[in-house]
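Q: give me a model of this one.
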Amino acid sequence: MFHEFTLDLKVARKKSGLTQVDCAHLLAIHPSLVSQIETGKRMPTVREICTLSLIYGRSFESLFAGIFKDARADLRERLTTIPDAPKHWLGRHNRQATLNRLAEHLLASYEADHAG
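A: Here you go, the predicted model:
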């Protein structure tokens, strides 16, 4: 999935008409680091990803679409095997509400990914 992400970044930059030097300037990094990010030799920082999403007009999630899809699948699987909360856990109600919301969100995402 990381390869998909780096390729997507390179395509987004080229579509934008920006050079690696332009992006480096906007990111306040050395141009060689943009090349390293686009070739997968270096993972961008969270701040760099946020800046790139602003530069390209893309959401954080859209930049990581493949990784988010895998993460959702992993979470759906792990959610089915989550251990029970301790009986006297004070956060039991909030925990269950959070897990229910997560399950609903993951189901909706799954259905959207596999729609027609």
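Q: please count neighbours and contacts with C-alpha atoms only from this point.
A: Fine.
Q: what's the domain layout of the chain?
A: Dividing the chain into domains by automatic domain parsing, as the record does, gives the ranges 2-63, 66-113.
Q: who are the packing partners of the strand or helix carrying residue 3?
A: Using DSSP states H and E, the element containing residue 3 is helix 2-16. Judged by 3 or more Cα pairs under 8 Å, 6 or more residues apart in numbering; DSSP states H and E, helix 2-16 is in contact with helix 31-38, helix 46-56, helix 60-63, helix 65-79.
Q: could you dump these into TSV with distance to residue 12, mean neighbour count and mean pLDDT added?
A: Formatted as TSV, those follow (distance: least, Cα to Cα, whole Å; neighbours: other Cα atoms under 10 Å; pLDDT from 0 to 100):
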stretch	distance to residue 12	mean neighbour count	mean pLDDT
helix 31-38	11	18	96
helix 46-56	7	15	92
helix 60-63	9	15	80
helix 65-79	14	15	88
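Q: could you dump those helices into JSON lines with distance to residue 14 added?
A: Formatted as JSON lines, the helices and strands packed on helix 2-16 follow (distance: least, Cα to Cα, whole Å):
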{"stretch": "helix 31-38", "distance to residue 14": "11"}
{"stretch": "helix 46-56", "distance to residue 14": "10"}
{"stretch": "helix 60-63", "distance to residue 14": "15"}
{"stretch": "helix 65-79", "distance to residue 14": "19"}
